[in-house]
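> Sequence first, predicted model second:
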Amino acid sequence: MAVKVLAGFAESLAAIESAWCLRDAGYEVVAFTRAGKRPPLAAARGVRVHPVPAPETDVAACVEAIRALVDAERPTAVLPLDDAALLACDRAAEAGGRILGVPVAGATGAAARLALDKSEQIALAEKAGIPVPPTGSTEPPAGPGPWMVKSALAAVEVGGRLTRPAGAIAREPGEVPAIVAKLGGPALVQPVLDGIGEGVFGIAVDGEAYALSAHRRVRMMNPRGSGSSACRSIPVDLDLAGPVRRFVAEAGWHGIFMVELLRDADGQPWFMELNGRTWGSMALARHRGLPYPVWAVQAALDPAWRPPAVPEAPHLLCRHAGRELVHLLAVMRGAKGADAGRWPSRGATLKAMLRRERGNRWYHADERGVFLRDTWHTVADQLRRR
């Protein structure tokens, strides 16, 4: 009988590749999704999806529904796939990081607080030697603006409902207090940085990091800044590997992790945040033989487990079809306001998107039905937001 893993949320960007990673390793996958949603993962072979109340509607009801699902399904482990699931699973867990005796293959307790609070992450990154942009909490740090004012928390509970406060740019110091007030919780004020997003990934066992890998963003849905539509795997920057390992050690981290960075035009990487759960570019890792979701489960089940040595695989580019279409639509629409002069040209974008490179992969392409459904959902969802 296959070992069963309960994972969620099924509509998270990492859900499909993570579920396939587990299924390909012989696990049975059951996923929870927000009630009323019909995520593309529901079309995947061998994956069952169950609704739970959305935490954005009722956090307590969501937590109780996850506990009830654990009681009904009796999985071997529970794997949170995004920040909302991480928070809900942490709330559902008893001391020791278990839900009704079932281990959570993710952060709980103090580790969950670190994963959801960028203020704690920044303090730890500075201690570990990862460069951190000048940061204030209620006022701009010393130096020229403009400044990005954003929530220090990945998710904020207000009146029993989970929210993800959107940040905003302050062009004058006097604009900062009003933006902070709208966030409804602790804030971070940092200079606006231009650069390219990168990530360093790995799995840690009792604070010791293994199997580091890295990626660089190639394109984003919105060229101004948003989720990526194409990513390329890259060698791990040796100047970052040591500080990242110290960060993980200082945190006593156990499980998978992603350290997100922004590399500026001078080549300087800056710490952005820690993602203490699965991440959106999981397709890159999966196709390079790095089954991080499987390892997260194994590390949760067996304290003596260590990841096997994995031979270095060729680097590759992975593209998300729906997000690439959103990117193309944004470029064709043209620049607005302050974006003028910083917007990619239509011709260069078309040329780059039509270029074929050996070894490229598409996200979510193992099953045609899932791929088409995910592409449609992504484009339709983005158009509805405009």
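Sure thing, it's come through.
> Counting neighbours, which bits of the longest strand belonging to the chain end up buried?
In the chain, taking DSSP state E as the definition, the longest strand is strand 208-220. By neighbour count on 16 or more other Cβ atoms under 10 Å, the buried set for strand 208-220 is 209-220. All C-beta spots, glycine's among them, are computed from the backbone N, C-alpha and C.
> Give the pairing partners of it; include direction for each.
In the sheet, strand 208-220 lines up against strand 196-205 (antiparallel), strand 228-234 (antiparallel) (DSSP bridges).
> Using TSV, lay out those together with mean neighbour count, distance to Pro140 and mean pLDDT.
Shown next, in TSV, are these (neighbours: other Cβ atoms under 10 Å; distance: least, Cβ to Cβ, whole Å; pLDDT from 0 to 100):
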stretch	mean neighbour count	distance to Pro140	mean pLDDT
strand 196-205	22	23	97
strand 228-234	21	28	95
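> tally of neighbours for His364?
If you count neighbours by other Cβ atoms under 10 Å, His364 ends up with 25.
> hang on, it packs against Glu17?
Yes. Judged on Cβ atoms under 8 Å, His364 makes contact with Glu17 at a distance of 6.9 Å.
> which residues do the two both contact?
Residues touching both His364 and Glu17 (Cβ atoms under 8 Å, 6 or more residues apart in numbering): Ala283.
> if we can go back for a sec, will you turn the strands paired with strand 208-220 into a markdown table that also has distance to Leu87?
Shown next, in a markdown table, are these (distance: least, Cβ to Cβ, whole Å):
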| stretch | distance to Leu87 |
| --- | --- |
| strand 196-205 | 20 |
| strand 228-234 | 23 |
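> and of those, who's closest to Val70?
Smallest distance to Val70 across these (Cβ to Cβ): 23.3 Å, for strand 196-205.
> Output the below-cut-off pLDDT ranges for this structure.
1, 337-341, 386 (pLDDT under 70).
> Residue nearest the middle of it, spatially speaking?
For the chain, the residue nearest the mean C-alpha position is Trp279 (3.6 Å; Cα atoms, centre = their mean).
> how much space between that one and Ala380?
Using Cβ to Cβ, to the nearest Å, Trp279 is found at 23 Å from Ala380.
> How about Arg67?
Arg67 is 33 Å from Ala380, by Cβ to Cβ.
> Likewise for Glu126?
Applying Cβ to Cβ, the value for Glu126 to Ala380 is 42 Å.
> Who has more neighbours out of those two?
Between Glu126 and Ala380, counted using other Cβ under 10 Å, the more crowded position is Glu126 (14 against 10).
> what helix or strand is Ile130 on?
Using DSSP states H and E, Ile130 sits in no helix or strand.
> my guess is the residue nearest to the centre of the chain meets Val259, correct?
No. Using Cβ under 8 Å, Trp279 is not in contact with Val259, being 10.4 Å away.
> intersection of neighbour lists for these two?
Counting by Cβ under 8 Å, 6+ apart, the contacts common to Trp279 and Val259 are 199, 201.
> Identify the residue nearest Leu114 in space, chain neighbours excluded?
Nearest residue to Leu114 in three dimensions, chain neighbours excluded: Glu120, at 5.0 Å (Cβ to Cβ, 6 or more residues apart in numbering).
> what does the domain assignment say about this protein?
4-114, 147-191 (the TED database).
> Would you format these as JSON lines with mean neighbour count included?
Formatted as JSON lines, the domains of the chain follow (neighbours: other Cβ atoms under 10 Å):
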{"stretch": "domain 4-114", "mean neighbour count": "21"}
{"stretch": "domain 147-191", "mean neighbour count": "17"}
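> now for those domains, which one comes closest to Tyr292?
Among those, domain 4-114 comes nearest to Tyr292, with 7.6 Å by Cβ to Cβ.
> what about the closest one, start to end distance?
28 Å (Cα to Cα, to the nearest Å).
> Could you number the chain from 172 rather than 1 from now on?
All right, first residue 172 from here; so that's domain 175-285.
> Just give me how far it sits from the chain centre.
Offset of domain 175-285 from its chain centre (Cα atoms, centre = their mean, to the nearest Å): 15 Å.
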